[in-house]
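>>> Generate a structure from the sequence data that follows.
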Amino acid sequence: MQATTANHTDQPQAAADPHPRIARVFQAQGQTALALRESTVAQRLEKLEALRQSLLHHQQAIIDAAAADFGRSAMEAEFTELMPVLMEIGDHRKHLKKWLKPKKVGAPLMMFGTRSQVRYEPRGRCLIISPWNYPVNLTLGPLVPAIASGNAVMIKTSEMSPHFSKVIKGIVEDCFDESEVAIFEGDVSVASALLDLPFDHMFFTGAPSIGKVVMAAAAKHLSSVTLELGGKSPIIIDASADLERAASTIAWGKFVNNGQTCIAPDHIYVHSSVKARFVEILSRTLSQWHGEGSAAQASPHLARIINPRHTARVNGLLQDALDQGATLLYGGATDLDDRFISPTLLGDIPPQARIMGEEIFGPLLPIIDFSELDQVIAAINAQPKPLALYIWSRNRANTERIIAKTSAGGTCINHVMAHFLHQNLPFGGVNNSGIGNYHGEWGIKAFSHERAILEAKLHTSHYFFPPVAEKLRGVLQWLMKRM
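Sure, this is the predicted structure:
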């Protein structure tokens, strides 16, 4: 007995799985995904209604989490977290039957005698990795089309917004068994374990640097991906712009969630003839709303930066710009212990300053003057394609020229960020700022495979079977000239 025991203990021991639940749930969801292929529109809508009810039930918990993780106001939490998901659910409730209906397609000349259609089928097992900046919105927003398309889903929430993560877990577990939708909290090791699995589709929202990691992991299994990333989204303000409206709208869009928004304006190009006036109006607006500098720390409408590390990062961008010779136009107050940096406007930024190369993701706004529009277009095209590009102009020729000569995930004219809330527009980036779209019908396309179905009613292909009669070449050449 002792010898047997000794021999047994001498055998190499397999390393224990540090995340056994992940493997167990993934296996269980394989069977669920097969069953969900046959789920009806009515069954999927019933699940969306359950999610809607759970969201409303947890409304106060969402508000409390926003305050705990970010110091955000109740109004901001409801507008940026709860409302967009409820809008997405409402849009699916109205249109899902139409979106999922097989789409008949006509037969081209060479396909005479066939009948064809495109059907949307679920991709299967999907992974959603969500960011920390708008946790409910950017976790449950993608979940809506994933469920509506008939998929099983595993979700990794961000450990950087722990109160939100706890609330999201409660919302999902109220509605779904983990064999259909499962939540995973934890650090990067949890994300790595999930990325090792052969999901049918991966949906990631976050920084381009991590998007590359997700895409590399997906490539190992040839998983399809939707990557919602970010980048330095510019604003162009020409000499014709309505400066009052531009200033107030930009002040809102830039500093909601204290600049921690993937489509927030990153920097502004403003025509030199109106720069001074624009800075004056924008400064006045910010002072009226929040107070300037350290006084803004008491504003109930300004969130805090997510954690001390990111606060130090944003402060580092500010101090580097000032050290390099940038001009402080407005704000500049910091309290690292409170994770607070006031709304700050910077001018005369040297091109080598870090703030001109890194995504800011905070309450700093560089303002750059220009005299010729081609200068701005060249500067934008020299950088990776942004997630958003904003144009403030009453000159239609300028607007069309900018759109034609640049590329961006989305563009607003005389507005900022509003395209995210427009349910009939696709939302997504291009290249460095993302791959693929979602929202509305584009969400269904992201989480579905568009399957081609062809049925032969009248067979004509035998005319092409060997041996081919030489006279058929004349018919073929006649057809090719008419294609």
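
>>> count of residues packed around residue 385?
Here the number of neighbours of residue 385 (other Cβ atoms under 10 Å) works out to 18. Just so you know, the C-beta spots here come from the backbone N, C-alpha and C atoms, and that holds for glycine as well.

>>> pretty sure it belongs to a helix, no?
No. According to DSSP: H, G, I helix; E, B strand; the rest coil, residue 385 belongs to no helix; its state is coil.

>>> who's in contact with it?
Applying Cβ atoms under 8 Å, 6 or more residues apart in numbering to residue 385 gives the contacts 231, 407-409, 429-433.

>>> Let me have those in JSON lines, extended by distance to residue 162 and neighbour count.
Written out in JSON lines, the entries for these read as follows (distance: Cβ to Cβ, whole Å; neighbours: other Cβ atoms under 10 Å):
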{"residue": "231", "distance to residue 162": "27", "neighbour count": "25"}
{"residue": "407", "distance to residue 162": "37", "neighbour count": "15"}
{"residue": "408", "distance to residue 162": "33", "neighbour count": "20"}
{"residue": "409", "distance to residue 162": "30", "neighbour count": "27"}
{"residue": "429", "distance to residue 162": "28", "neighbour count": "28"}
{"residue": "430", "distance to residue 162": "33", "neighbour count": "19"}
{"residue": "431", "distance to residue 162": "33", "neighbour count": "14"}
{"residue": "432", "distance to residue 162": "30", "neighbour count": "20"}
{"residue": "433", "distance to residue 162": "28", "neighbour count": "28"}
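
>>> Out of those residues, which comes closest to residue 246?
Distance to residue 246 across these (Cβ to Cβ) is lowest for residue 408, with 18.2 Å.

>>> residues contacting that closest one?
By Cβ under 8 Å, 6+ apart, the contact set of residue 408 is 233, 385-389, 430, 433.

>>> Columns pLDDT, secondary structure and distance to residue 305 on top of the contacts of residue 385, output as CSV?
What follows is these, written out as CSV (pLDDT from 0 to 100; DSSP: H, G, I helix; E, B strand; the rest coil; distance: Cβ to Cβ, whole Å):
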residue, pLDDT, secondary structure, distance to residue 305
231, 92, coil, 19
407, 98, coil, 30
408, 98, coil, 26
409, 97, coil, 24
429, 97, coil, 23
430, 97, coil, 28
431, 96, strand, 28
432, 95, coil, 24
433, 96, coil, 22
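
>>> Flag the shaky bits of this structure, pLDDT-wise.
1-16, 468-471 (pLDDT under 70).

>>> what about residue 133, neighbour count?
Here the number of neighbours of residue 133 (other Cβ under 10 Å) works out to 28.

>>> where does it land in three-state SS?
The local conformation at residue 133, judged by three-state DSSP, is coil.

>>> mind checking how far it is from residue 450?
31 Å (Cβ to Cβ, to the nearest Å).

>>> so what's residue 102 up against?
Residues near residue 102 by Cβ under 8 Å, 6+ apart: 117-120, 453.

>>> Closest one to residue 167 out of the contacts of residue 408, please.
Nearest to residue 167, judged by Cβ to Cβ, of the contacts of residue 408 is residue 387 at 26.4 Å.

>>> residues contacting the closest residue to the closest one other than its chain neighbours?
Leaving aside its chain neighbours, residue 387 sits nearest to residue 433 (3.9 Å; criterion: Cβ to Cβ, 6 or more residues apart in numbering). Contacts for residue 433 (Cβ under 8 Å, 6+ apart) come out as 208, 229-231, 384-387, 408-409.

>>> let's see it at 7 Å
Shown in contact with residue 433 (Cβ atoms under 7 Å, 6 or more residues apart in numbering): 229-231, 384-387, 409.

>>> and which of those residues is nearest to residue 258?
When those are compared against residue 258 (criterion: Cβ to Cβ), the nearest one is residue 230, at 15.8 Å.

>>> what about the spatially closest residue to the closest one that is not a sequence neighbour, distance to residue 157?
Nearest non-adjacent residue to residue 230, counting by Cβ to Cβ, 6+ apart: residue 262, 4.3 Å away. Residue 262 sits 17 Å away from residue 157, going by Cβ to Cβ.

>>> and what of residue 170?
Distance, residue 170 to residue 157, using Cβ to Cβ: 12 Å.

>>> Name the residue in the two with the higher neighbour count.
The neighbour comparison of residue 170 against residue 157 (other Cβ under 10 Å) goes to residue 157, with 27 against 14.
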